[in-house]
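Visitor: sequence first, then the predicted structure:
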There are 2 protein chains.
Amino acid sequence: MADAKQEEQVPEGYSMQVAARRSGVSPHLIRMWERRYGAVQPERTATGRRVYTEDAIERLRLLHAATQAGHSISGVAQLPIQRLRAILSADAKVATRTTLPVSEGGAPAQQWVARALGATEELQSEELRAALDGALLALGRVATIEQVMAPLMEAVGERWRAGTMRVAHEHLAASAARTFLGALLEALVPADAPLLLATTLEGQTHEIGALMAAATAASEGWRTLYLGPNLPAEEVGAAVRAHANYGVCALALSFVYPSDDVRLELEVRRLGEFLPPRFPVFAGGRAAAGYAAALDAIGARRVADLQELRHVLEELRR
Amino acid sequence: MADAKQEEQVPEGYSMQVAARRSGVSPHLIRMWERRYGAVQPERTATGRRVYTEDAIERLRLLHAATQAGHSISGVAQLPIQRLRAILSADAKVATRTTLPVSEGGAPAQQWVARALGATEELQSEELRAALDGALLALGRVATIEQVMAPLMEAVGERWRAGTMRVAHEHLAASAARTFLGALLEALVPADAPLLLATTLEGQTHEIGALMAAATAASEGWRTLYLGPNLPAEEVGAAVRAHANYGVCALALSFVYPSDDVRLELEVRRLGEFLPPRFPVFAGGRAAAGYAAALDAIGARRVADLQELRHVLEELRR
DNA sequence: TTTCTCTTGACGAAAGTTAGACACACGTCC
DNA sequence: GGACGTGTGTCTAACTTTCGTCAAGAGAAA
């Protein structure tokens, strides 16, 4: 199902320009890597233009990260994508010698969710971490965020409401998610990439949604400034202004619970006063609909899910 | 022609640069050790470049550690890798007894704090991350936690109270600290190591203290179960009981603010009912003194700082 | 039109290689 | 005490390889 959706919705792939933006590698360099090392072999249009798939872009991103980490491009250009991920995650854990057991091949996202959920149930933080790391290795960043992390937190929330999981379970999952997503914010992006500020307004204490938004943006080649949950409107405005010269390009807000707080409604409207006119604001999360009026009033765009967020960010970049 | 697809067989391994970075030995020195003592014998590419295996890098890392520990390079260069490990672990045992309380070098740690503080002031999350990572590489885990992270959060708090820093600054620092410390919890420890549960009770929303405690324990070879802030007493008890078979060995609680909450006082006393008798509980943080009576009543031990926590953990382990 | 994109050839900075020399601490011998 | 050899880290010099970027010209897309 997930596979079918992906293949049908992106039948034509991405242009050179988009591939370059999202991977952080210049168009010229991409061609060189192709010519010299066969790093990627994109399809061509009838007139010879390169057309990149999602996977190809992921591959370029990984190659970029690998070269930044000191690997010679000639040495890594032809490695399979999974091997690249393994090398990079081993690199990240410098000083601690971890050779992650090479994960079993294409286990679908659901299995990773199940494994993580089981670990949560038994309050096994090591196993939970291992499940998330394994998913990242097997599926890549985008799929892990959208198809593992989001469903996992959803499932934990449901079970907590149903009474089959305790607060302690929810806390463990949230904590592991916080650590995992925080690590994903470290993206190798050029200093001139646009900057996304992500946070939640005062009264919204759940931060995982905002973090997922930030991690998604980071995976799309944005720089991110994540300011944690529960931030007053004037502070958001101050942060935006502090970066005005360097170019904050957008603000992402997450709303999870509650969905009908009048003070929060006010806070949203106040936010409008602290932002430059026509400043792009994206609002997401299950409670965002509850503040639709106020969000519309300040010109914020509501996004239904992370996939839509990705598309909106891509649009904005032009 | 030079650009044509290169030869099939690229030896699988790491370049000089990567080997140097991951082992901590400069490229030049690696060559010297090879030339003079035959410390490693890397493969070569067709053009004569050295190619290091994972094992070779591990070997260099061990040799580096051995020379740091005072062994002459000529004496250890040719030892098999197992002998190196044995020597070093023997050394480490001596070192923890003799040189651990030293942890000198205030000046360099201060510089990292200053750099991190500057990054916080300018809301530059990349730079802040870089400062923390740099400190970790330069000072190691324990010193980074105690001499960089703790002073940093202290300084940010002060400036916030003094009005020279905004809430947004504090949020950024807390968020970066959260990510950084969360990553430190991933320590490679044997499965039979004792387990420390770290959290804060309901009413205490500041989690950095508890995280620092958990990260400290992880650095000392403990397994950790970090459950985030704001956890009700019965949930703490449930988590402890859930691990009773596997052996939770201790509980760490952090108290930062407020220091005089009557409900929290009650919560502490309630906690006593949910814990097994004589279960080791450690309480720290600037507000812990405010709950001294209740803590004493449940037999909790107050620790003044992370250094004391380390000693107490060490004691308990026997 | 203007802006991308494609290909090709060439250039130069960065980093790799070897070989030799030097600096400094340390212990030994005169 | 001073000269000397040894062990070890660093430096210089000259050469090669690697790899990112520039330049130029033609065609495609907007």
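Guide: It's in.

Visitor: residue ranges of the helices in the stretch 51-200 of chain A, please?
Guide: A:54-68, A:73-76, A:81-92, A:109-121, A:125-139, A:141-143, A:150-162, A:167-184 (DSSP state H, counting those that start in this stretch).

Visitor: out of those helices, which is the most enclosed?
Guide: Using mean count of other C-beta atoms under 10 Å in any protein chain shown, the stretch among the helices of the stretch 51-200 of chain A with the largest mean neighbour count is helix A:167-184, at a mean of 23. (Each C-beta comes from the backbone N, C-alpha and C, glycine too.)

Visitor: so what's the spatially most central residue of chain A up against?
Guide: Geometric centre of chain A, nearest residue: A:T216, 1.8 Å, by C-alpha atoms, centre = their mean. Contacts for A:T216 (C-beta atoms under 8 Å, 6 or more residues apart in numbering or on different chains) come out as A:V142, A:I145, A:E146, A:L306, A:L309, A:R310, A:L313.

Visitor: the third one: neighbour count?
Guide: A:E146 is surrounded by 21 other residues when neighbours are defined as other C-beta atoms under 10 Å in any protein chain shown.

Visitor: I'd guessed it sits against A:Q307; true?
Guide: Yes - counting by C-beta atoms under 8 Å, A:E146 sits close enough to A:Q307 to count as a contact (6.5 Å).

Visitor: just the strands from chain A, written as ranges.
Guide: Taking DSSP state E to define them, one finds strands in chain A at A:43-44, A:50-51, A:195-199, A:223-226, A:248-254, A:281-284, A:301-302.

Visitor: distance of the nearest residue in space to A:P27 that is not next to it in sequence from DNA strand D?
Guide: Distances taken as C-beta to C-beta, 6 or more residues apart in numbering or on different chains place A:A20 nearest to A:P27, at 4.7 Å, with adjacent residues excluded. Separation of A:A20 from DNA strand D (C-beta to the nearest atom of the strand, to the nearest Å): 10 Å.

Visitor: go on, A:Y226?
Guide: Distance, A:Y226 to DNA strand D, using C-beta to the nearest atom of the strand: 28 Å.

Visitor: same question for A:L88.
Guide: Taken as C-beta to the nearest atom of the strand, the span from A:L88 to DNA strand D is 16 Å.

Visitor: now do the same contact list for that residue.
Guide: For A:L88, counting by C-beta under 8 Å, 6+ apart, the contacting residues are A:L62, A:A65, A:A66, A:A69.

Visitor: export the residues you listed as a markdown table, with columns for distance to B:D261 and pLDDT.
Guide: Shown next, in a markdown table, are those (distance: C-beta to C-beta, whole Å; pLDDT from 0 to 100):
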| residue | distance to B:D261 | pLDDT |
| --- | --- | --- |
| A:L62 | 49 | 93 |
| A:A65 | 46 | 90 |
| A:A66 | 50 | 91 |
| A:A69 | 47 | 85 |
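
Visitor: number of residues surrounding whichever residue of the stretch 1-150 of chain A sits closest to chain B?
Guide: When scored by C-beta to the nearest C-beta, the stretch 1-150 of chain A has A:G70 as its residue closest to chain B, at 4.4 Å. By other C-beta under 10 Å, 16 other residues sit near A:G70.

Visitor: and the pLDDT at it?
Guide: Turning to A:G70, the model gives it a pLDDT of 86.

Visitor: for A:R302, same thing?
Guide: Reading off the model, A:R302 has pLDDT 96.

Visitor: then A:E220?
Guide: Reported pLDDT for A:E220: 89.

Visitor: my guess is it contacts A:R310. True?
Guide: Yes - if you go by C-beta under 8 Å, A:E220 and A:R310 touch, sitting 5.8 Å apart.

Visitor: identify the contacts common to these two.
Guide: Common contacts of A:E220 and A:R310 (C-beta under 8 Å, 6+ apart): none found.

Visitor: out of those two, which sits in the busier spot?
Guide: Comparing A:E220 with A:R310 by other C-beta under 10 Å, the one with more neighbours is A:E220, at 24 against 19.

Visitor: which outside residues touch stretch A:39-59?
Guide: So stretch A:39-59 is in contact with A:6, A:10, A:12-16, A:18-19, A:22-23, A:30, A:33-34, A:60, A:63, A:73, A:77-78, A:81, A:84, A:140-142, going by C-beta under 8 Å, 6+ apart.

Visitor: when you check DNA strand C, which of these turn up near it?
Guide: With C-beta under 7 Å from any atom of the strand as the criterion, those include A:S15, A:M16 near DNA strand C.

Visitor: pLDDT score for A:R317?
Guide: At A:R317, the pLDDT value in this model is 83.

Visitor: on that earlier part again, let me know the closest of the contacts of A:T216 to B:E126.
Guide: A:L313 (18.6 Å; C-beta to C-beta).
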